[in-house]
Every structure is written in structure tokens, then in C-alpha cells.
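Visitor: sequence and computational prediction follow.
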Amino acid sequence: MNRVSVDTAGRPPSVDALARELAIRHSLPHAVLVDIARRAIANGSTADVKKIADELASELAQSLLRDVVNATGVLLHTNLGRAPVAVQTINRASNLELNMLTGERGSRQDAVGKLLALLCGAQAALVVNNNAAAVLLVVAALANSRDVAVSRGESVEIGGNFRIPEVTEQSGARLVDVGTTNRTRLRDYQKAIDKRGNDIALVLKVHPSNYRVSGFVEDTPTSELATLSVPVAVDIGSGLIDNTCPWLEGRTPAWLANEPAARQTLKDGAALVMFSGDKLFGGPQCGVIAGRADLIEACAQHPLARALRPGSLTMLSMQSLALAYLDRTVTTEITFWQMATIPVSELQLRAEKIISASGVGEVCLLDSIPGAGSAPGATIASAGIVIAGDHLAKLRKHDVPIIARVKDSKTFIDLRTVRPQDDAVLVSALKSLQK
């Protein structure tokens, strides 16, 4: 075994010796450990080189992507990847762009696009790499060098510095503000269309995500916007397919009461809808554009479409999810909807068993939230475990990190966002808190 030491002349250890010492405690490739050793020797004094190297290796190991247990109660946690999706592949090639009937090159959009169109009640559909890309592509393809009308109340910034005015500018279109921040009526859009000097090619209606103006407010519903002389594209954001939720037994959950849905928005006359795949749809990060076939084709033929297209894993996952919706097997195959529909009584029973097995915590009632800007302000009744004190850091350092939340010097573990298969992981993590 190589041990790091400082020689009698006070020189630092060799890079190789330090890297080999680090390998005993850190499961990182040798090339990575060599780089860390070099940086530690360059940046530290002779006496603390080993400590600096250990800290650098630990920081890198902690930063690597890995599975975690989401115990926050936020079903679609942006920091935790939003909707959890299993990657299913057996390392074979796929017919991503091969027409199986002719043996010639095909389109990655054809099969998945048809399924999504059927699901949304649209003529056609297209998948891109996220909803911001969907909005960008629609505006670029349909309004380049022309004007896009957007209500001032919907000219918003959402997470990740995504700003509607800047997206419009990048697309090559010109933004025309309509109405006021709190009230925009149909006549405001018509005035913008009729105004001399304007060249309105598209009306863009935007889901405001977590932004809300309350009180003396008014907006224009899609059914009214559809009477205008230009196409209406609606960013519904969260990706609810149908507000009647036919894939669930019983009535639509109360927390979805005000959430716009693709089928109803298109039925109300929207020419296009755009939404995220990794929110209420329950899929991987991507964006979906659905609606009129001629407008979808214009988007597909735009040069940006190639830059924004998703890869095979995303398309395979979206195909699987679309089939689950059409088969009405959503609650058995889509993790998000499994989490959203677990009865509180079942969560309480799981909490009791985890506490009994670990000897830590008490059962508590909680409020989960959809997250990621979906159904803002809505809560979902839940249950979990409360532990006195702040244990977030220790839980994060567990073999499978547990991501919980703290309030009033108490740690809360919300079981609505924890898979039942991970209850044993929680037991192990809670036991470790006693050491």
C-alpha cells in the first residue's frame, strides 16, 4: 500500500502516490484521481495536500449524477429531474429512422407523432427536446420576420431565465404586447391585428407557470381567440392531456381543476398546443407540439427542427407512455400518476412500518405539491414521517441519497414521492441517524 507522506526536505508527495492513496477511499477512475492529485499539490501547502485531495475527490463524487430517493413531497421536482422515468433498453439498435415497410430511411417523428396526435385529438404532432424548444420552433417557423401577439399578462419569465420576449426575439419574430398586465380582452388582440404597420402572423397564449396576478384580472379564453383571423398557438406548459383524466377511476382530482389540457385546448379552436413531456405527462424531458397538420409540417421543415430533435431514448419513452395512455394502463405504468393517486391511508401504513423497522420518527400528515409549475397553488393530501432536528445533510450522504425537507427544525419525509420499493432504503437511512 502506498502512503502519502512528506519527505524530510518538506517536498509534497508525488502525483502518482497521492492518486493511489485516493483510490483506497474513492471509487473514481485513475485519470480523474491523477488530475485531483495534481490540483491538490498545486493549490495546497505541503502539510494539507492529502486533506485537500480528499475534499476534491469527495466533492466530485458527490456531484456525479445518480439515483436518489425523492422524499420532498414535490412530485415533479426540477432539481431531481421532474417526472421519474425508467430507461428501458437491451443495448440493441432501434428503427429510429428506418421505415420497416420499405427498408428506406424514415422519420423518427412518424410513429410517435401519430400516437401523440391521436391522444391529443390533433391532426399531427411533433416531439422536440423541451417545451422552451417547442415554443421557439413554433414562433420561428410560423412568424419569422413577422409579428406575434402576446398578452402583457403572459409575457413572463419562468424557471431557467426562459423569457417570452427573448424567445420571440431569438426566433426572428417581433413581439407585439397586447392588453395590460392584469386585463386582456379579445378586442385588444383584434386591435393589434388591425393596427396599421403590424403584421401579426400568430397569437401566442402562454401558460404563466408559477406566476399569478389575482384580483381585478381578466384574460381571453382560447375559444374566443380562435375567432381571430390568425392561428392561435397555446403553450399549456404542464402537459395534461385531457382534463377529464379518463385513465383514472372516478372523478378528476381536485388539484387539477384549473389546469389547461391539450385535448380541450385544441377542441376550443387552438391551431397548436405546446407542452412539456416531463411534467403531468409523466415522461422524459422533451416538448410536444400538436395540432394542425400544415403547421406541424412547417415546424418539421424548419432548420431548427433538426437542432431541437430528441434522441432515441426519448422517443422510445414517449412511445411507451403514449401507448400506456391509449391502453388506459397509466396508473400501473407511469410513475408520476402512481405517486399522484396513492391513498393517504396507504402512505400512513407504510410510514408506520418504516418507523417500526427503524425505530426513528413519528407518522405525520403532509401536503404534497405537483411541482415544476404544474397546477400552481394546488396541494395533494399526503402522509410521511417527521423527525426532530435537521438531518438533511446526513440523509444526502446515505448510500442511496435521501432528499427530504426541513421546516421548524424538523425533518419531513413525504412518502407520496417515495416508491414503495425504496421503503427499505428509508429504513436503513433512518437507522443510520442513530449512530
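Guide: Noted; the coordinates are in hand.
Visitor: what are the ranges of the strands in the stretch 251-400 of the chain?
Guide: Assigned by DSSP state E, counting those that start in this stretch, the strands in the stretch 251-400 of the chain fall at 272-276, 287-291, 362-368, 380-388.
Visitor: relative to residue 106, which of the ones you listed is closest?
Guide: strand 287-291 (19.4 Å; Cβ to Cβ). (Glycine included, C-beta is placed from N, CA and C.)
Visitor: which strands and helices sit next to the closest one?
Guide: Applying 3 or more Cβ pairs under 8 Å, 6 or more residues apart in numbering; DSSP states H and E, one finds that strand 287-291 makes contact with helix 110-120, strand 124-128, helix 131-143, helix 262-267, strand 272-276, helix 293-301.
Visitor: any chance of CSV for these, columns mean neighbour count and mean pLDDT?
Guide: Shown next, in CSV, are the helices and strands packed on strand 287-291 (neighbours: other Cβ atoms under 10 Å; pLDDT from 0 to 100):
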stretch, mean neighbour count, mean pLDDT
helix 110-120, 20, 97
strand 124-128, 26, 98
helix 131-143, 25, 95
helix 262-267, 22, 97
strand 272-276, 29, 97
helix 293-301, 17, 97
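Visitor: redo these as JSON lines? Include distance to residue 173.
Guide: Listed next are the helices and strands packed on strand 287-291 as JSON lines, based on distance: least, Cβ to Cβ, whole Å:
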{"stretch": "helix 110-120", "distance to residue 173": "24"}
{"stretch": "strand 124-128", "distance to residue 173": "17"}
{"stretch": "helix 131-143", "distance to residue 173": "4"}
{"stretch": "helix 262-267", "distance to residue 173": "21"}
{"stretch": "strand 272-276", "distance to residue 173": "15"}
{"stretch": "helix 293-301", "distance to residue 173": "14"}
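Visitor: and stretch 404-424, which residues are buried?
Guide: 404-405, 410-418, 422-423 (16 or more other Cβ atoms under 10 Å).
Visitor: using PDB, write out every CA atom in that stretch.
Guide: The C-alpha coordinates for stretch 404-424 follow below in PDB (Å, rounded to 0.1, in the frame of the first residue of the first chain):
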ATOM      1  CA  ALA A 404     -36.000  15.300   2.300                       C
ATOM      2  CA  ARG A 405     -37.100  18.800   3.600                       C
ATOM      3  CA  VAL A 406     -36.800  20.700   6.900                       C
ATOM      4  CA  LYS A 407     -39.300  23.100   8.500                       C
ATOM      5  CA  ASP A 408     -39.300  24.500  12.100                       C
ATOM      6  CA  SER A 409     -36.200  22.400  12.900                       C
ATOM      7  CA  LYS A 410     -37.900  19.200  12.000                       C
ATOM      8  CA  THR A 411     -37.100  16.800   9.100                       C
ATOM      9  CA  PHE A 412     -40.000  15.700   7.000                       C
ATOM     10  CA  ILE A 413     -40.000  12.600   4.700                       C
ATOM     11  CA  ASP A 414     -43.100  12.700   2.400                       C
ATOM     12  CA  LEU A 415     -43.900   9.200   1.300                       C
ATOM     13  CA  ARG A 416     -46.000  10.200  -1.700                       C
ATOM     14  CA  THR A 417     -42.900  10.800  -3.700                       C
ATOM     15  CA  VAL A 418     -41.100   7.700  -2.400                       C
ATOM     16  CA  ARG A 419     -41.500   4.400  -4.400                       C
ATOM     17  CA  PRO A 420     -42.700   1.600  -2.100                       C
ATOM     18  CA  GLN A 421     -39.700  -0.400  -3.300                       C
ATOM     19  CA  ASP A 422     -37.500   2.200  -1.600                       C
ATOM     20  CA  ASP A 423     -39.000   1.900   1.900                       C
ATOM     21  CA  ALA A 424     -36.200  -0.500   2.800                       C
END
